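In: Show me the folded form of this:
(one chain, ligands or ions: 1)
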Amino acid sequence: MTFILAGAITVAAALSGAAQAETLRLSHNTGDTTSWQLGSEKFAELLDAATNGDMSVRVFPNAQLSGGDQMKQAEMVGRGALDFVVTSAINVTPMVPEMAVFSLPYLYSSYDEVDATTNGAPGDKMKGIMAEHGIIVLAWGENGFREVTNNVHPIKSPEDLKGLKMRVAGPMYIDVMSALGANPQQMQWTETFSALQQGVVDGQENPIGAVIVPQRVYEVQKYITPWHYSYDPIFLGVSQKKWDSWDADTQAKVQAAATEAMAYQKKITRESTATGLDKLMAEGMEVYEPTDAQLQAFRDATQEPFDKWAAKVGPELVELFQSAIDQSK
Ligand code: X2X
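Out: Have a look, this model is predicted:
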């Protein structure tokens, strides 16, 4: 009797396990040493624990699943060809131009201001807009404030950018770099290290903790100016189709794992950003800290692309962000 009962339980457990077991794919577009990767791995770990191994997430770095195209990932998630994505707002702008609002030049001046938007009404508004494209944004993480590096000379003023060949990630930065007098070139992140190494481009801009340090940009770049000109969030998103296939209990587990994983990702990104400049100096980079007047000159020089992209994004959306930012001051 005992034997039969135990056998029945085992069979039932195996059946329910078999019915639920699911392997899911998560794509992101940086290397496997970044906080994007660590946040993604944390998500996989937490979800595995919460579901006793029924939901297992495989993490694919370097945009492998979209043929190296970092912009294509969001579109693939939107139509259900990928389950999860961890990517930055910028990479979604070709599909959802409104996502450029986060990165408008000099919109933010502190982490408090950033958090007031991602944790408040602006963050929720953006989740709603993304849902219209088939992507459920589960939680916001952080790429960070994007800082400029190059191999020619220290950048202290807009004049110093004149004629520099700058690799950029997305369309808004083409306009911003052009306004600053540089020659921008859009390029996949996975191709940028060797382009810098070979001198195809002189410089690039990316966040210190999330990207510049873990992807060893210091090996191929001499000068860095922390000018904080544009903020870039990342998010953990899931395909709406996949989401709708789950019951409420499963959705709650996925949501909880995502919230905790992105909080962790943001924390370690801020920590490595805080120690990042020292690390970069130890690796031989020259850091130029701009004065307030110099920052103002960069801000003035990027006003025109700010206005152009604010119009593209929509004035009400920009207003929603600005009022959350003002209230946090
Ligand atoms: O491509 C970049 O610069 C990166 C890694 O920051 C983004 O994905 C936007």
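
In: so E205 bridges to which residues?
Out: Legend: beta-bridge partners of E205 under DSSP bridges are V148.

In: thinking it is in contact with T149, fair?
Out: Yes. The pair E205 / T149 is scored as a contact, 7.0 Å apart, by C-beta atoms under 8 Å. Where you see a C-beta, it was placed from the backbone N, CA and C, and this is true even at glycine.

In: and the helix or strand where W227 lies, which strands flank it?
Out: Taking DSSP states H and E as the definition, W227 sits inside strand 223-239. Looking at strand 223-239 with DSSP bridges, its partner strands are strand 84-88 (antiparallel), strand 135-150 (antiparallel), strand 286-287 (parallel).

In: Could you say which of those is packed most deeply?
Out: Sort these by mean neighbour count, taking mean count of other C-beta atoms under 10 Å, and strand 84-88 sits at the top with a mean of 29.

In: Tell me how far it lies from the chain's centre.
Out: Offset of strand 84-88 from its chain centre (C-alpha atoms, centre = their mean, to the nearest Å): 7 Å.

In: and the very next helix or strand once past that strand, what does it pack onto?
Out: Tracing the chain past strand 84-88, the next element assigned as helix or strand by DSSP H and E is helix 89-92. Judged by 3 or more C-beta pairs under 8 Å, 6 or more residues apart in numbering; DSSP states H and E, the packing partners of helix 89-92 are helix 72-78, strand 223-239.

In: if you look at helix 89-92, does any of it touch the ligand?
Out: Yes. Using C-beta under 6 Å from any ligand atom, helix 89-92 reaches the ligand at I90, N91.

In: Restrict that helix to CA atoms and write it as PDB.
Out: Below are the C-alpha coordinates for helix 89-92, written out as PDB (Å, rounded to 0.1, in the frame of the first residue of the first chain):
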ATOM      1  CA  ALA A  89      15.900  52.000 -24.200                       C
ATOM      2  CA  ILE A  90      18.000  53.200 -27.100                       C
ATOM      3  CA  ASN A  91      17.900  49.800 -28.900                       C
ATOM      4  CA  VAL A  92      14.100  50.000 -28.900                       C
END
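
In: got the residues of the stretch 201-329 of the chain near the ligand?
Out: For the stretch 201-329 of the chain, the residues in contact with the ligand (C-beta under 6 Å from any ligand atom) are N206, V211.

In: now with 8 Å?
Out: Counting by C-beta under 8 Å from any ligand atom, the stretch 201-329 of the chain comes close to the ligand at Q204, E205, N206, P207, A210, V211, D232, I234.

In: mind listing what A74 touches?
Out: For A74, the contact set (C-beta atoms under 8 Å, 6 or more residues apart in numbering) comprises V85, T87, N91, V92, M95, V96, H133, I135, G237.

In: what about the fourth one, neighbour count?
Out: Using other C-beta atoms under 10 Å, V92 has 30 neighbouring residues.

In: can you give me the strands in the stretch 101-250 of the chain?
Out: Assigned by DSSP state E, counting those that start in this stretch, the stretch 101-250 of the chain shows strands spanning 135-150, 165-168, 183-186, 203-207, 223-239.
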